[in-house]
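J.: After the sequence you'll find the predicted model.
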Amino acid sequence: MDGNASGEEYENIDWNTDDELEIQNITPSSHSTLATLNAQTIVSNGEASSSSGPSNSNLFQHFLGMGFSEQSIAKAIKENGEANTESILESLLTYSVLEVEDSPDELNSCHLNSPQQQEQQQCVENGELSSDYDESLCDDLSESDDSSWSGGSEVANNTSSLPKHEKSLLSLANMGYSIEEASAAMERCGPEASIVELTDFICAAQMAKTEDVFFEEEKPKLPLRVNGDFKKRKLYDLEIWKTKKRKGILSEEDEGLRLPNPMIGFGVPTDTHVITHRVLPDAAIGPPFFYYENVALAPKGVWDTISRFLYDVEPEFVDSKYFCAAARKRGIRKALEKWGDNPPVHVQKFVLEQCRKWNLVWVGKNKVAPLEPDEVEMLLGFPRNHTRGGGISRTDRYKSLGNSFQVDTVAYHLSVLKDKFPNGINMLSLFSGIGGAEVALHRLGIPLKNVVSVEISEANRDIVRSWWEQTNQKGNLIHLADVQQLNGDRLEQFMGSFGGFDLIVGGSPCNNLAGSNRVSRDGLEGEHSSLFYDYFRILDIVKCIMNNK
DNA sequence: AGCAGGATGAGTCCCGTT
DNA sequence: AACGGGACTCATCCTGCT
């Protein structure tokens, strides 16, 4: 998935920049949104590769697509100059914070209104990253208006005599998009699409394009011309597969679930080919709703089994790198050796590859280091110091974080629940870890009424408990240690007291599924990973109890 | 204790070649 | 269609240090 950064694209990087500057530019600011960081990473790097610098209109469109108003962008560019996108963005964010304080009513950027889109959880909000436990800083995802994906620009509406689609076209053109972009977006999103949806689409397409250009060298032996052949090859493979299927000569293995490439399943905000609808088997439909997670690259057949147990719901494969600036959750404790003042291109390339691969950040001249635990916390969407409580060691913080959800990704998926449960939710959280699901719901602004959280690690339970207290949760948190001890009687007892669970969330252990396990990659029947069956068992009991009511 | 570093190497997928 | 090399992975265990 992750390609390698090109060496030549970085020839213009100043390798002798003073440390302070490097740090300022790269260390994530606690005030930025995740998605902004993400976009910034892609775009600003891309721009760094260009000797001529960004053109004004591209720059303008880039920020427009991120949802800032034309006036703000013009002002920010005037203040900072064209060259420094980082400081422009910072100014824009500052403006938007000021605007937020002035007019709180305009905060809600959850803009997806059509039923089928709500069905398909398109609403990604990127809340401010809280810098500590202060509740005022731990913002809801629903209360941020500078979401990159929300495309919040207001459209002047004095064209009421035109047909709807022409009105939209005109509006988009007025916003600085080309007619081609606008009509492509309208074709893709349908005639009923709102301006915000259309700008979202265009923004996503632009970002995808930027990324393609930026990572072009990911396929070093594939010049553009050959790309066409590559696509033909894929088409050919598909035809072969279809022929086989028609003739009924597909083996069991061929029928197995395949990983999408790129890893975007039913859709991410930046994808231009989003599947907007899926049908769930009757048996799977909630309440209780459920959400199950595990590693994508499990041994063959594991996902088929999981899917079969979980009422034949087709799994969605998604790589959290589409939601998070970190390509990998775990940093390594490896610093690179020092280079001379003018490293050759291949050395530059090597260093950048390593940084990308291992999430290294610049900490000084010619020095890189792995992410600190609090930086990992931030990238994963947790409040700063989330894992610090209970005297947990640095190594254990890395470990807990490494096993956790990426909060923004989960929030994206669970955002469909927001309208369904305005008064709050009762959740059964299995294998809670450090509470990724809890934090995601909280940041979505879904009140947590009763949470039964099952987690084997005492340190992790302490973490969730102290998060619960420090965010002044109004609901009840009930902690249990072992999913294997959670039986029907106990569940019935809980459900009797507060009337059933609305949502069951869990990611069972991946130890025996993960490819990096050299010792005991024993599959779904492995010592730890077999706990998946407890997830199913508990889910099924809850479903039975609720259906018999 | 805690930490850092290193060795380990199965299973799968991708892609190019034959 | 078959084959082989390369790349990847929510990891685990061991050693040696502070």
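T.: Nice, thanks for sending it over.

J.: Please count neighbours and contacts with C-alpha atoms only from this point.
T.: Will do.

J.: which residues of the stretch 301-450 of chain A fall in strands?
T.: Assigned by DSSP state E, counting those that start in this stretch, the strands in the stretch 301-450 of chain A fall at A:360-364, A:367-370, A:425-430, A:448-454.

J.: For those, give me TSV that also has mean pLDDT and distance to residue A:519.
T.: Shown next, in TSV, are the strands of the stretch 301-450 of chain A (pLDDT from 0 to 100; distance: least, CA to CA, whole Å):
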stretch	mean pLDDT	distance to residue A:519
strand A:360-364	68	27
strand A:367-370	66	26
strand A:425-430	97	26
strand A:448-454	97	27
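
J.: deepest of those strands, which one?
T.: Of all the strands of the stretch 301-450 of chain A, strand A:425-430 carries the top mean neighbour count, a mean of 24, counting by mean count of other CA atoms under 10 Å.

J.: who's in contact with it?
T.: A:437, A:446-455, A:483, A:500-508, A:535 (CA atoms under 8 Å, 6 or more residues apart in numbering).

J.: now swap in stretch A:494-508 and tell me
T.: Residues contacting stretch A:494-508 (CA under 8 Å, 6+ apart): A:286-294, A:425-432, A:437, A:450, A:529, A:531-532, A:535, A:539, A:542, A:546.

J.: tell me, which of the residues you listed make contact with DNA strand C?
T.: Among the contacts of stretch A:494-508, the residues within reach of DNA strand C (CA under 7 Å from any atom of the strand) are A:293-294.

J.: Give me the buried entries from the contacts of stretch A:494-508.
T.: Those of those that meet the buried threshold are A:288-294, A:425-432, A:437, A:450, A:529, A:531-532, A:535, A:539, A:542, A:546, by 16 or more other CA atoms under 10 Å.

J.: Out of the strands of the stretch 301-450 of chain A, flag the one nearest residue A:282.
T.: strand A:425-430 (21.3 Å; CA to CA).

J.: Just checking: what are the partner strands of the closest one?
T.: When pairing is defined by DSSP bridges, strand A:425-430 lines up against strand A:448-454 (parallel), strand A:503-507 (parallel).

J.: Tell me if I'm right that residue A:309 and residue A:536 touch.
T.: Yes. Taking CA atoms under 8 Å as the definition, residue A:309 is a contact partner of residue A:536 at 6.8 Å.

J.: pLDDT value on residue A:463, please?
T.: The model reports residue A:463 with a pLDDT of 91.

J.: looking at it, it is touching residue A:385, isn't it?
T.: No. Taking contacts as CA under 8 Å, residue A:463 lies outside contact range of residue A:385: 9.7 Å.

J.: re the thing from before, let me know which of the strands of the stretch 301-450 of chain A is the nearest to DNA strand B.
T.: strand A:367-370 (9.0 Å; CA to the nearest atom of the strand).

J.: Give me the subset of the contacts of stretch A:494-508 lying in helices.
T.: A:437, A:532, A:535, A:539, A:542, A:546 (DSSP state H).

J.: closest to DNA strand B among those residues?
T.: Distance to DNA strand B across the ones in helices among the contacts of stretch A:494-508 (CA to the nearest atom of the strand) is lowest for residue A:532, with 17.7 Å.

J.: which residues does the closest one contact?
T.: Counted by CA under 8 Å, 6+ apart, residue A:532 has contacts A:306, A:508-509, A:524.

J.: Now for the residues you listed, which sits with the most neighbours around it?
T.: residue A:524 (24 neighbours; other CA atoms under 10 Å).

J.: That residue reaches residue A:511, doesn't it?
T.: No. Contact criterion CA under 8 Å: residue A:524 and residue A:511 do not qualify, at 9.6 Å.

J.: Next, find the distance separating residue A:77 from residue A:71.
T.: Distance of residue A:77 to residue A:71, given as CA to CA, to the nearest Å: 10 Å.

J.: my bad, should have said residue A:499
T.: On the measure of CA to CA, residue A:499 and residue A:71 end up 51 Å apart.

J.: ditto for residue A:404
T.: Residue A:404 is 40 Å from residue A:71, by CA to CA.

J.: Tell me which of those two has more neighbours.
T.: Neighbours were counted for residue A:404 and for residue A:71 using other CA under 10 Å; residue A:404 has more, 20 against 9.

J.: Next, count neighbours for residue A:69.
T.: Every residue meeting other CA under 10 Å relative to residue A:69 is counted, giving 20.

J.: give me phi/psi at it?
T.: Dihedral pair for residue A:69: phi -80, psi 160, per degrees, to the nearest 10.

J.: ok, it to residue A:533 distance?
T.: Taking CA to CA, one finds residue A:69 at 50 Å from residue A:533.

J.: burial count for residue A:482?
T.: 14.

J.: Of all the helices and strands in chain A, which has the lowest average confidence?
T.: helix A:34-48 (a mean of 21; mean pLDDT, DSSP states H and E).

J.: Quick check: the residue of the stretch 351-500 of chain A nearest DNA strand C.
T.: residue A:403 (4.6 Å).

J.: just checking, that residue touches residue A:433?
T.: Yes. Judged on CA under 8 Å, residue A:403 makes contact with residue A:433 at a distance of 7.5 Å.

J.: who's more crowded, these two?
T.: Taking neighbours as other CA under 10 Å, residue A:403 and residue A:433 compare with residue A:433 leading, 27 against 17.

J.: so what's the more buried one up against?
T.: Here residue A:433 is in contact with A:400, A:403-404, A:455, A:457, A:460-461 (criterion: CA under 8 Å, 6+ apart).

J.: go with 7 Å
T.: Counting by CA atoms under 7 Å, 6 or more residues apart in numbering, residue A:433 touches A:404, A:455, A:460.

J.: Just give me the neighbour total for the residue nearest to the last one when sequence neighbours are not counted.
T.: Once its chain neighbours are removed from consideration, residue A:460 has its nearest residue in residue A:434; the separation is 5.2 Å (CA to CA, 6 or more residues apart in numbering). The criterion is other CA under 10 Å. On that basis, residue A:434 has 27 neighbouring residues.

J.: For residue A:492, see how far away residue A:434 is.
T.: 26 Å.

J.: Quick one: list the elements packing against the helix or strand that contains residue A:73.
T.: Element membership of residue A:73, judged by DSSP states H and E, is helix A:70-80. Using 3 or more CA pairs under 7 Å, 6 or more residues apart in numbering; DSSP states H and E, the elements in contact with helix A:70-80 are helix A:56-65, helix A:85-102.

J.: Nearest to DNA strand C: which residue in chain A?
T.: For chain A, CA to the nearest atom of the strand, closest residue to DNA strand C: residue A:515, 2.7 Å.
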